[in-house]
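Q: Next one to model:
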Amino acid sequence: MATLQDTVKDNHSREELMKLWEEHDNFFGKGIPPGVQEILNNAFSKVPVSSFPDLPSGEVVEVSADDSIANTVRILSKHNIMSAPVRNPNADSNDPWSTRYIGMVDYPAVVLWVLEQAELAATALAAGTAAAVGVGAGAAGALGALVLGMTGPAAIAGLAAAAVGAAIAGGVAAEKGVGKDAQSAANALGEDFYKVILEEEPFKSITVEEITNSYRWAPFLPIQPDDSMLTVLLLLSKFRLRSIPIVEADKPRVENVITQSAVVRGLAQCHGRDWFDCIANKTLAQLGLPNMSADQVVYVEGDKLILEAFILMRESGVGGLPVVEGAERKVVGSITVRDVRYLLLKPQIFARRKELTVMDFMNIADSLGKQDDNTAKFFPPLTCKTSATLIEVINSLASENAHRIYLVDDGSSISGVISIRDIISCFVSEPEGYFEKYFGGAFKDAIGGKK
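A: Predicted coordinates for the structure are as follows:
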């Protein structure tokens, strides 16, 4: 299978590209010349999606809409993937893809949903009866309050009954004692509470489709093999999609999935091509990166509670946070929304989720990750300075399988963030009206909330 290096053609001379840069730099001083991006837009528009390498496993992992939440967590965890197409269980194997798929499920969103339900169940357990749940949103805690407004008291009562019933039936409450509040109740159950969440009703049988009312899943917006890589790059940058499914019009199954990380790895292989090097050899400062000031960086202090960190990610709409310490905001670590899985899949962490600070969580998860040969990395944080070249940043992200790198000053204080989306946006820009007729004009409406 071809690579981006093989398929993006050098139809313009190095001298022509350098002239565009020189004229732009003389006038603007930094940024990317529009003429260069026009050249690259044209080049990527001629690269078919079919040229992109298949998944390493050769298989697209799918989740059925009638899969339980517990089984969905196990599937995504087993394959170490963050999202998957959701298949309509009522569709025939020969039905077109538009009937066969209903969306893309997001792993971190599933885990956050379970944790929110855990807070509600813990509140009910503290009260000792499902009937006592009608005390209002305040008793549910920060995460629980978010769900209370989305699912309603009836759903909460069912979850509460499950937690209380399972605990009492198993003799857990009688042996360990039920606490007077949600935190002590959950702590009293310890790892048994973790088992209640995924192994007892209704958690054991709640399906992916049932919780779509509580979360806005990413829409299933595939592209076809004869579409261009320009379309893929724009979707992954401008419209903030994490992955793009590939389908053939006359076939029922997803043939491939192109992710942000895969694109970065593909770009890293293009070093040595004039079209790539004319941008990648520039420093971040020369390219006008980062696209934010130091005051705009969302960060978390190491002594904050880990639950607060994940809530901050959700409220801020970011996928990761630098962990800082001191008044100088020195970067000492990093966490991502992907790391929320440790709260659910590691009972020893779940049982202490209410008391763990960010630093505690990173130290424990880092140790457990090394035991499991996991790729998660909390220390040292991935950082660079504005004097770094774009190719250096691309290589760092590709080698670490990371989605962002943090900019620091000479004192290691946080000064900015560079994401994969920022990098892709260096190479392509949306031509005027490009998506207006995509998918019959409904494209922008479907992903409007993703911008």
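
Q: Let me see the mean pLDDT of stretch 323-337.
A: For stretch 323-337, the mean per-residue pLDDT is 95.

Q: Any idea how far it is from the middle of the chain?
A: 20 Å (C-alpha atoms, centre = their mean, to the nearest Å).

Q: ok, for residue 259, nearest residue in space, not its chain neighbours?
A: In space, and not counting its chain neighbours, residue 259 is closest to residue 243: 4.5 Å by C-beta to C-beta, 6 or more residues apart in numbering. Bear in mind the C-beta positions are built from the backbone N, C-alpha and C, glycine included.

Q: For residue 321, see how far away the residue lying closest to residue 428 once chain neighbours are set aside is.
A: Excluding the flanking residues, the one nearest residue 428 by C-beta to C-beta, 6+ apart is residue 233, at 4.7 Å. As defined by C-beta to C-beta, to the nearest Å, residue 233 lies at a distance of 26 Å from residue 321.

Q: cool, and residue 75?
A: Separation of residue 75 from residue 321 (C-beta to C-beta) stands at 27 Å.

Q: neighbour count winner among the two?
A: Shown here are residue 75 and residue 321; by other C-beta atoms under 10 Å, residue 321 has more neighbours (26 against 18).

Q: For the more buried one, give me its contacts.
A: 298, 299, 300, 309, 312, 313, 334, 335, 336 (C-beta atoms under 8 Å, 6 or more residues apart in numbering).

Q: Show me just the buried residues among those.
A: 298, 299, 300, 309, 313, 334, 335, 336 (16 or more other C-beta atoms under 10 Å).

Q: from the residues you listed, which is closest to residue 391?
A: Distances from residue 391 to the buried ones among the contacts of residue 321, taken as C-beta to C-beta, are shortest for residue 334 (21.6 Å).

Q: Tell me, how many residues neighbour the closest residue to the closest one other than its chain neighbours?
A: Excluding its sequence neighbours, the residue lying closest to residue 334 (C-beta to C-beta, 6+ apart) is residue 381, at 4.3 Å. Other residues near residue 381 come to 20 when the count uses other C-beta under 10 Å.

Q: swap in residue 113?
A: Using other C-beta under 10 Å, residue 113 has 21 neighbouring residues.

Q: For residue 105, see how far away it is.
A: For residue 113 relative to residue 105 (C-beta to C-beta), the value is 11 Å.

Q: Give the bridge partners for residue 384, please.
A: Residues in a beta bridge with residue 384, per DSSP bridges, are residue 407.

Q: pLDDT value on it, please?
A: 97.

Q: just the helices in the stretch 151-300 of the chain please.
A: 172-176, 182-189, 191-199, 229-237, 260-268, 274-280, 284-287 (DSSP state H, counting those that start in this stretch).

Q: between the ones you listed, which has the poorest average model confidence?
A: Among the helices of the stretch 151-300 of the chain, helix 172-176 scores lowest, at a mean of 39.
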